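Asks: model this:
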Amino acid sequence: MRFQFSDEDQRFREECRDWLEDNIPREKRPLNAVDAVDFDRAWQRRLFDAGWAGINWPSEYGGRGLPIVRQVIWLEEYARAHAPWIGSNFVGINHGGPTLILNASEEQKAWHLPRILKGESIWCQGFSEPGAGSDLAGIKTKARIEGDELVVNGSKIWTSYAQVADWQELVLRTEEGSQRHKGLSWVICDMRSPGITVRPIQKISGQTEFAQVFYDDVRIPLANVVGGLGNGWKVAMSTLSFERGTGFIGEQVKLSQDIEELLDSARASGRLGEADIAEQIAQLRAEVFALRAMTYRNISEVARTGQPGPEASVIRLFSSDLRQRIERLAIALAGETVLDFRYGDDDFITDYLLGFAVTIAGGSAQIQRDIIGERLLGLPKSR
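Replies: Okay, here's the model as predicted:
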């Protein structure tokens, strides 16, 4: 399938650009999850009311039902306009919601999808555990069935926005004695349920977005299971395909903007004349263009099949490494001024510190390499 922009797409791009120019919040988004949640909800509601939320989501659930090509255009213009990070809405918008669209019952979709798009429901992800980070098949959080409820015990970690979330996409083991991929279920967990304890974790950047979540006899209705009991691995794979594929398109687009700003900075400081700096910027710029081509190819696949395939891992691995290298060069160009950094003052230094996690988030770099090797190259399993 060819990926190209029609005249109608170009007019849509101009519409996106004009609206963003007139409506982007002038105030800076707070960095900590608790401080930012009201900002995030208000911005998401403004997007929804103006018709810019869920551009490629089905119209019956509050979206616009447009092709995913239009979503890409929106994200490109969003990054170009320096629009605020969607923050606490990230999980619901970028992979929780798409997972529901693909796997949930009509009742589940009708209840949750409009609330996600309006910013009324903040979601978090309950996948990783202290003993099973990127190894989803190794999770131990369990649920036993009592009547029409699941009773959950265990813990999850690295749960972004858990302290402000209303709902959680939670993967747990619902079949006693099951191992690895079998016996898992993907459920919608109300984060206000009795028995849930959230302990925030501060990042190296100074932000407090991560948390560890503990479940002590937490009761979840069986009606909240998505895709059926025991089908959690299949549903979770669709979640991860969105997270690794289309979920980070906005960040991938932003890298194009970052490298151009880095080029302008090097030129203004006179350091572009240094051979090694010019060479690094040229290499990174070329790789950003290559990343965009890979992203467009992936979007073509999504348009054809409805969800990203294992090729998304190539993009996720490449983009996370590229982001770290761009941020390291930005720090090098800043020189000794970085020593004066105070938390929240300089976005590029905060981005640099956050960048240490990007080769772990959404599945570690090694997990991505395993997927590429096994599913794309046909190599034997690593373990």
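
Asks: where do the strands of the chain begin and end?
Replies: Along the chain, counting by DSSP state E, strands occupy 123-126, 142-146, 149-156, 167-173, 184-190, 196-202, 208-221, 225-226.

Asks: the longest one: how far from the chain's middle?
Replies: To tie it back to what came earlier, the one meant is strand 208-221. 20 Å (C-alpha atoms, centre = their mean, to the nearest Å).

Asks: likewise the third one?
Replies: Remark: strand 149-156 is offset 24 Å from the chain centroid, using C-alpha atoms, centre = their mean.

Asks: quick thing: my sequence starts at 33, can you match it?
Replies: Noted, 33 is the first residue going forward, which turns the last one into strand 181-188.

Asks: which helices and strands does it pack with?
Replies: Contacting strand 181-188 under the criterion 3 or more C-beta pairs under 8 Å, 6 or more residues apart in numbering; DSSP states H and E are the following elements: strand 174-178, strand 199-205, strand 216-222, strand 240-253. For the C-beta atoms, the positions are set from N, CA and C on the backbone; glycine is no exception.

Asks: then the fifth one?
Replies: Applying 3+ C-beta pairs under 8 Å, 6+ apart, one finds that strand 216-222 makes contact with strand 181-188, strand 199-205, strand 240-253, strand 257-258, helix 264-276.

Asks: restricting to C-alpha, output the second one in CSV.
Replies: What follows is strand 199-205 as a C-alpha-only set of coordinates in CSV (Å, rounded to 0.1, in the frame of the first residue of the first chain):
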residue,chain,number,x,y,z
TRP,A,199,-8.9,3.0,35.5
GLN,A,200,-6.2,0.5,34.8
GLU,A,201,-5.5,-1.9,32.0
LEU,A,202,-4.5,-4.9,34.2
VAL,A,203,-3.1,-8.2,33.1
LEU,A,204,-3.1,-11.0,35.7
ARG,A,205,-3.1,-14.7,36.1
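
Asks: give me the angle between that strand and strand 240-253.
Replies: 70 degrees (axes from the mean of the first three to the mean of the last three C-alpha atoms, to 10 degrees).

Asks: the helices and strands packed on strand 216-222: lowest mean pLDDT?
Replies: Among the helices and strands packed on strand 216-222, helix 264-276 has the lowest mean pLDDT, at a mean of 70.

Asks: one step back: for residue 314, which of the helices and strands packed on strand 181-188 is the nearest?
Replies: When those are compared by C-beta to C-beta, strand 240-253 sits nearest residue 314, at 34.5 Å.

Asks: the nearest residue to residue 160 once chain neighbours are set aside and residue 162, how far apart?
Replies: Excluding the flanking residues, the one nearest residue 160 by C-beta to C-beta, 6 or more residues apart in numbering is residue 190, at 4.8 Å. From residue 190 across to residue 162, the span is 9 Å (C-beta to C-beta, to the nearest Å).

Asks: so which of the two has more stuff around it?
Replies: residue 190 (21 against 12; other C-beta atoms under 10 Å).

Asks: the more buried one and residue 235 touch, don't they?
Replies: No - between residue 190 and residue 235 there is no contact under C-beta atoms under 8 Å: 10.2 Å.

Asks: quickly list what's touching both of the two.
Replies: Overlap of the contact sets of residue 190 and residue 235 (by C-beta atoms under 8 Å, 6 or more residues apart in numbering) consists of residue 242.

Asks: still on that earlier bit, deepest-packed of the strands of the chain, please.
Replies: strand 155-158 (a mean of 27; mean count of other C-beta atoms under 10 Å).

Asks: just checking, what packs against that one?
Replies: helix 122-123, strand 199-205.

Asks: and the ones you listed: which comes nearest residue 101?
Replies: Comparing the helices and strands packed on strand 155-158 by C-beta to C-beta, helix 122-123 comes nearest, at 21.7 Å.

Asks: neighbouring contacts of the closest one?
Replies: 155-157, 192-193, 197, 201, 279.

Asks: any idea how far residue 226 is from residue 332?
Replies: To residue 226, residue 332 is 47 Å away according to C-beta to C-beta.

Asks: do residue 109 as well
Replies: 44 Å.

Asks: show me which of those two is the more surrounded one.
Replies: Using other C-beta under 10 Å as the criterion, residue 109 and residue 226 rank with residue 109 on top: 21 against 9.

Asks: local confidence estimate at the more buried one?
Replies: At residue 109, the pLDDT value in this model is 89.

Asks: skipping adjacent residues, who's closest to it in space?
Replies: residue 48 is the one closest to residue 109 (C-beta to C-beta, 6+ apart), at 4.1 Å.

Asks: do you know which of the helices and strands packed on strand 181-188 lies nearest residue 52?
Replies: strand 240-253 (24.9 Å).

Asks: for that closest one, list the C-alpha coordinates in CSV.
Replies: Taking Å, rounded to 0.1, in the frame of the first residue of the first chain, the C-alpha atoms of strand 240-253 are listed here in CSV:
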residue,chain,number,x,y,z
THR,A,240,6.9,11.7,40.2
GLU,A,241,4.9,9.9,37.6
PHE,A,242,5.8,6.2,38.2
ALA,A,243,4.3,4.2,41.0
GLN,A,244,4.2,0.7,42.4
VAL,A,245,0.6,-0.6,42.9
PHE,A,246,-0.4,-3.2,45.4
TYR,A,247,-3.6,-5.3,45.3
ASP,A,248,-4.9,-6.8,48.5
ASP,A,249,-8.1,-8.8,47.8
VAL,A,250,-9.2,-6.2,45.2
ARG,A,251,-12.6,-7.2,43.7
ILE,A,252,-13.2,-6.7,40.0
PRO,A,253,-16.4,-7.7,38.2
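
Asks: I'm done for today, thanks for sticking with me.
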